[in-house]
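**Q** how would this look folded up:
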Amino acid sequence: MQIYAVADIHADPASLQKICSVVDEYKPDVLVVAGDIINYIRPEKTFNILNDLSVPVLAVRGNSDPAYIEKYFNRFSNLTSLHLNRVTIKSIPFTGLSGTIPLPFRNRVGLRENYLMKKVSPLIDSKTVFVVHTPPWGFQDQVMGRFHSGSKMVRNLVEKKQPCLLICGHIHEAAGISEIGETTVVNCSMPRKGQGMMIEVRVGKKPEIEMV
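**A** All right, here's what the predicted structure looks like:
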């Protein structure tokens, strides 16, 4: 299973063109978008481009994606929301959480974190690709290389459930790869010159990852 993973598109035409070019060149089995798909306004154009791709698109919302765009996942046949949803492609299960847990600062959005973790936990096992927008605390989450801004509960859940792969974004400058036990963490944010990550997933094997 070859996964093309991106995050933080922000409806940018150049980023969308990069995605189309990479899909044409590499021909992955699936495109995973780990949030921040649009830029608050006029999502139709972005969703039309993603829907026209030759591969299925699995996605979660980020902090730039208002809740109303969930209806677009239902409107377009090639787009599927992973939010509290388990989808299997080529024997690989995917699940995810939409939104951003705004740590280290607590607010009423962040207070839903415990509820969401309890809801998604039964959907995760050692074969699962888990997709979130916010990185786990301490892994691919440093802002300007100075302080951590990830989710401690995402980290705790990953440590407990040990999915084979965690795909995230949000912190643009922290794109890269790390590990939490048996889980490979991939921040696939599209920096100015980046095009995301190509990930080869095989059951019982560590994912093989290439920054494209």
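**Q** which of the helices or strands spans Leu157?
**A** Under the criterion of DSSP states H and E, Leu157 resides in helix 152-161.
**Q** what is the burial count for the residue nearest to Arg42 when sequence neighbours are not counted?
**A** Distance criterion C-beta to C-beta, 6 or more residues apart in numbering; nearest residue to Arg42, sequence neighbours excluded, is Ala11 at 7.7 Å. Quick note: C-beta positions are derived from backbone N, CA and C, even for glycine. Neighbours of Ala11 under the rule other C-beta atoms under 10 Å: 19.
**Q** could you do Arg75 as well?
**A** 12.
**Q** the residue nearest to Arg42 is in contact with Lys45, isn't it?
**A** Yes. Applying C-beta atoms under 8 Å as the test, Ala11 and Lys45 come out as touching, 7.4 Å apart.
**Q** show me what the helix holding Leu157 packs onto, helices and strands only.
**A** In this structure, helix 152-161 packs against helix 113-120, strand 176-180, with contacts taken as 3 or more C-beta pairs under 8 Å, 6 or more residues apart in numbering; DSSP states H and E.
**Q** what's the closest of the ones you listed to Thr134?
**A** Among these, the nearest to Thr134 by C-beta to C-beta is helix 113-120 (9.6 Å).
**Q** can you tell me the strand partners of the helix or strand that the closest one is followed by and which way each runs?
**A** Using DSSP H and E, the helix or strand that follows helix 113-120 in sequence is strand 129-131. For strand 129-131, the paired strands and their directions (DSSP bridges) read strand 92-96 (parallel), strand 165-168 (parallel).
**Q** now strand 129-131: mean pLDDT?
**A** Mean per-residue pLDDT for strand 129-131: 98.
**Q** give me the distance between that strand and the centre of its chain.
**A** Relative to its parent chain, strand 129-131 has a centroid offset of 7 Å by C-alpha atoms, centre = their mean, to the nearest Å.
**Q** quick revisit: now the angle from the helix holding Leu157 to helix 113-120?
**A** 30 degrees (axes from the mean of the first three to the mean of the last three C-alpha atoms, to 10 degrees).
**Q** so which bits of helix 152-161 are buried?
**A** Of the residues in helix 152-161, those scored as buried under the neighbour-count criterion (16 or more other C-beta atoms under 10 Å) are Met153, Val154, Arg155, Leu157, Val158, Lys161.
**Q** doesn't Asp141 make contact with the third one?
**A** Which is Arg155. No. Using C-beta under 8 Å, Arg155 is not in contact with Asp141; the gap is 9.1 Å.
**Q** for the spatially most central residue of the chain, which non-adjacent residue is closest in space?
**A** A centroid search over the chain (C-alpha atoms, centre = their mean) returns Ala34, at 2.2 Å, as the residue closest to the centre. With C-beta to C-beta, 6+ apart as the measure, Ala7 is the residue that lies nearest to Ala34, at 3.8 Å, once sequence neighbours are left out.
**Q** okay then, goodbye and thanks.
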